[in-house]
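1. No sequence on hand, only this structure:
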């Protein structure tokens, strides 16, 4: 069932990536690169498994940090501070972090790791706690997505926000199962 939910999460992520690519209204190459990276990581995890999820998580987290550094407020002419990054940039950065966490969370532990963890903790594995944390983070991300949808006036932005929220929720439900 987890694999099925992960596969279903790819469809809204692909639609969201297409919305970013179709948005000619403003230059958002950083959002397009972030969307493509998330989609490629999801496709690899669901279909081929060529790259270990921990490496995808590292790439996604590195991309989130690069995006934050690229879109940080800079001083304008005359020493005045420029405006902070827009809500879509913040949403994209948080989406990279959420996908990185879910990539690692969806990785099934090996039998040896599970047995060692159960023995070391008196039979209580930490998987339920991790799943609860990931699900809580996904719900918070989806709530932020819904809030931004209500505030957004551009149809492509709304579509991207909805698709990312749905995709993260589907992956989180897959983790919690």
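-> Everything's here; your move. Computed from a prediction, not measured in an experiment: that's the story for all the values here.

2. Give the buried residues for stretch 130-146.
-> 131, 134, 135, 137, 138, 141, 142, 144, 145 (16 or more other C-beta atoms under 10 Å). In this view, the C-beta of every residue, glycine as well, is placed from N, C-alpha and C.

3. Select from the residues you listed every entry located in helices.
-> 131, 134, 135, 137, 138, 141, 142, 144, 145 (DSSP state H).

4. tell me which of the residues you listed is nearest to residue 44?
-> Using C-beta to C-beta, residue 134 is the member of these that lies nearest residue 44, at 19.2 Å.

5. Hmm, residue 174 and the closest one touching each other?
-> No - counting by C-beta atoms under 8 Å, residue 134 does not reach residue 174; the two are 9.8 Å apart.

6. what is in contact with those two at once?
-> Residues touching both residue 134 and residue 174 by C-beta atoms under 8 Å, 6 or more residues apart in numbering: none at all.

7. hang on, the earlier thing: in CSV, list the buried residues of stretch 130-146 along with pLDDT and distance to residue 6.
-> Output for those, formatted as CSV (pLDDT from 0 to 100; distance: C-beta to C-beta, whole Å):
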residue, pLDDT, distance to residue 6
131, 87, 14
134, 92, 13
135, 93, 15
137, 94, 17
138, 95, 13
141, 96, 17
142, 95, 17
144, 96, 22
145, 95, 19
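
8. mind putting these in a markdown table, distance to residue 60 included?
-> Converted to a markdown table, these look like this (distance: C-beta to C-beta, whole Å):
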| residue | distance to residue 60 |
| --- | --- |
| 131 | 19 |
| 134 | 14 |
| 135 | 19 |
| 137 | 14 |
| 138 | 15 |
| 141 | 14 |
| 142 | 18 |
| 144 | 18 |
| 145 | 18 |
